[in-house]
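K.L.:
structure of the sequence below:
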Amino acid sequence: VQLVESGGGLVQPGGSLRLSCAASGFTFRHYAMSWYRQAPGKGRELVAAISSATGNANYADSVKGRFTISRDNAKKTVYLQMNSLKPEDTAVYYCNAKFSMSADYWGQGTQVTVSS
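P.N.:
Below is the predicted model of the structure:
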């Protein structure tokens, strides 16, 4: 099982980034996919999630209207489009795939830094 995040980097406030998470080693279309983030000195928090069956998405209040999660089951990839970025969005962003308590996988993370 592998989840490989990409797309992080340094961006100015108000800018945009698109994160990608490429999955392999499991049946991607059956898994709910999520993005979490962890800022320095803070716990890991859920940013956005998308279901396996319907593609319904949910967001943390802090990112609603700015971030969009999407998935491409054919490419086995989940995306996080981040617009209107703020300094408080600075964190390591992690991709998560979950089917059950025992089928719960994490990527290695990608750094997002929002700074002028």
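K.L.:
tell me how many other residues crowd the closest residue to Val1 other than its chain neighbours.
P.N.:
Using CB to CB, 6 or more residues apart in numbering and skipping the chain neighbours, the partner closest in space to Val1 is Gly25 (3.9 Å). All C-beta atoms are positioned from the backbone trio N, CA, C, and that covers glycine. Neighbour count for Gly25, taken as other CB atoms under 10 Å: 11.
K.L.:
measure Gly25 to Ala53 for me?
P.N.:
In this structure, Gly25 and Ala53 are 21 Å apart, going by CB to CB, to the nearest Å.
K.L.:
and Glu5, what are its bridge partners?
P.N.:
Cys21 (DSSP bridges).
K.L.:
any figure for the gap between the spatially most central residue of the chain and Ser116?
P.N.:
For the chain, Trp35 is the residue whose C-alpha lies nearest the centre (CA atoms, centre = their mean; 2.7 Å). Here Trp35 is placed at a distance of 24 Å from Ser116 (CB to CB).
K.L.:
again with Thr27
P.N.:
With CB to CB as the criterion, Thr27 and Ser116 are 43 Å apart.
K.L.:
comparing those two, which residue is more hemmed in?
P.N.:
Per other CB under 10 Å, whichever of Thr27 and Ser116 has more neighbours is Thr27, with 12 against 8.
K.L.:
list the contacts of that one.
P.N.:
Shown in contact with Thr27 (CB atoms under 8 Å, 6 or more residues apart in numbering): no residues.
K.L.:
so how far is Val47 from it?
P.N.:
Thr27 is 24 Å from Val47, by CB to CB.
K.L.:
and what of Pro13?
P.N.:
Distance from Pro13 to Val47, by CB to CB: 18 Å.
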